[in-house]
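> Got a predicted structure here, sequence first:
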Amino acid sequence: MRPTALLVEASPRFGRSQSRTAAEKVVGRLKERAPGLRLLRRDLAAEPPPLIDEAFTEAMYVPASRQDERQRQALAYSEAAIAELEQAGALIISTPMNNFTVPAVLKTWIDQVLRLERTFRSTPDGKVGLLADRPTYVIVASGGYITGERARQPDFLTPYLEAVLATLGIKTVQFFHLERLPRDQDLAVIIDEQVQSWLDCHLPSTKNASP
Ligand SMILES: Cc1cc2nc3c(=O)[nH]c(=O)nc-3n(C[C@H](O)[C@H](O)[C@H](O)COP(=O)(O)O)c2cc1C
């Protein structure tokens with residue numbers, strides 16, 4: 001079967017998005033390492049997921065074998081988004097930080113895919129993920145610093161996404177933070193500089209590898 005990766009993007013900016021620009025570099029490196037890679041794209045800004053409504057909330061407690069047509073419809077987006085996750089041997093999430101956490105479209109996607117008895121189970125010892133672990137790369141762009149000693153704001157995004165992914169069963173997660181990039185310089189050049197060393201550490205190029 002062809003190797004498959006899923007790219008989930010959340011920036012409402014399509015032209016000068018830092019997180020989207022860096023995500024393309026990560027995808028480029030994945031394609032280099034796995035020629036023939038099939039890329040599924042879930043662009044949450046271009047097509048926002050539906051908000052959780054009453055029909056969804058009722059349908060999610062009904063076992064699949066007993067769901068009627070209306071309940072299946074209420075869960076249709078969720079099923080499609082989960083199917084993409086199930087196919088993906090690698091996952092890339094690219095997102096801006098919005099008000100210390102994930103943008104609303106990414107939160108809504110999470111509400112659609114993190115589903116009791118579908119992608120996780122609740123046990124007396126806590127929640128257990130039902131999806132397979134796979135290498136996952138999370139690219140976070142923020143206007144200010146959010147890591148290290150320079151941070152002057154809380155970061156609810158990183159621990160939140162870590163918890164969400166772990167609850168799905170995804171524990172092999174690498175974060176790449178693009179923080180406070182200058183606005184008056186060539187974005188592509190700056191991002192290239194920042195992403196290369198991260199890529200060389202987490203996704204080394206196979207081009208110059210010795211046989
Ligand atoms: C509504 C909104 C909220 C934001 N909240 C934060 C924030 O809490 N912390 C921060 O450092 N930057 C914040 N920013 C700045 C963005 O994270 C930053 O511009 C980032 O580069 C956007 O990602 P993109 O270039 O991929 O679109 C916010 C931007 C917007 C539009």
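Great, that's in hand.

> In the chain, what residue spans correspond to helices?
Remark: helices assigned in the chain by DSSP state H are 18-33, 54-59, 69-74, 76-87, 104-113, 157-168, 187-202.

> out of those helices, which comes closest to the ligand?
The minimum distance between the ligand and these falls on helix 18-33, with 3.3 Å, by Cβ to the nearest ligand atom. The C-beta positions use only the backbone N, C-alpha and C, and glycine is treated the same way.

> Only the buried residues of that closest one, if you could.
Neighbour counts over helix 18-33 (16 or more other Cβ atoms under 10 Å) mark 18-27, 29-30, 33 as buried.

> now the angle between helix 187-202 and it, please.
Using axes from the mean of the first three to the mean of the last three Cα atoms, to 10 degrees, the inter-axis angle of helix 18-33 relative to helix 187-202 is 50 degrees.

> what comes into contact with helix 18-33?
For helix 18-33, the external contacting residues (Cβ atoms under 8 Å, 6 or more residues apart in numbering) are 5, 7, 9-11, 13-14, 37, 39, 90, 92, 94-96, 137, 139-141, 176, 178, 181, 187-188, 191-192, 194-196, 199, 203, 205-207.

> just for the chain, where's the confidence low?
208-211 (pLDDT under 70).

> Flag every residue of this structure that's near the ligand.
11, 13, 17-20, 96-100, 141-144, 146, 153 (Cβ under 6 Å from any ligand atom).

> Kindly recompute the last result at 5 Å.
11, 13, 17-19, 96-100, 141-144 (Cβ under 5 Å from any ligand atom).

> what number of residues lie near the closest residue to residue 60 other than its chain neighbours?
Closest residue in space to residue 60, ignoring its immediate chain neighbours: residue 115 at 5.8 Å, by Cβ to Cβ, 6 or more residues apart in numbering. Neighbours of residue 115 under the rule other Cβ atoms under 10 Å: 18.

> still on that earlier bit, got a PyMOL select line for the buried ones in the residues of the chain next to the ligand?
Of the residues of the chain next to the ligand, the buried ones can be selected in PyMOL as follows, counting by 16+ other Cβ under 10 Å:
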select buried, resi 11+17+18+19+96+97+98+141+142
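
> circling back: quick one, which of the contacts of helix 18-33 are buried?
Buried by 16+ other Cβ under 10 Å: 5, 7, 9-11, 37, 90, 92, 94-96, 137, 139-141, 176, 178, 187, 191, 194-195, 199, 203, out of the contacts of helix 18-33.

> Now, the residues of the chain next to the ligand that are in strands?
Among the residues of the chain next to the ligand, DSSP state E puts 96, 141, 142 in strands.

> Centroid-nearest residue for the protein?
residue 93 (2.6 Å; Cα atoms, centre = their mean).

> do you know how far that one is from residue 189?
24 Å (Cβ to Cβ, to the nearest Å).

> just residue 36 next, same as before
30 Å.

> Check residue 100 too.
For residue 100, the distance to residue 189 - Cβ to Cβ - is 29 Å.

> next one: residue 170
Applying Cβ to Cβ to residue 170 and residue 189 gives a distance of 32 Å.

> Excluding chain neighbours, what is closest to residue 147?
residue 177 (5.4 Å).

> Appreciated, that's everything.
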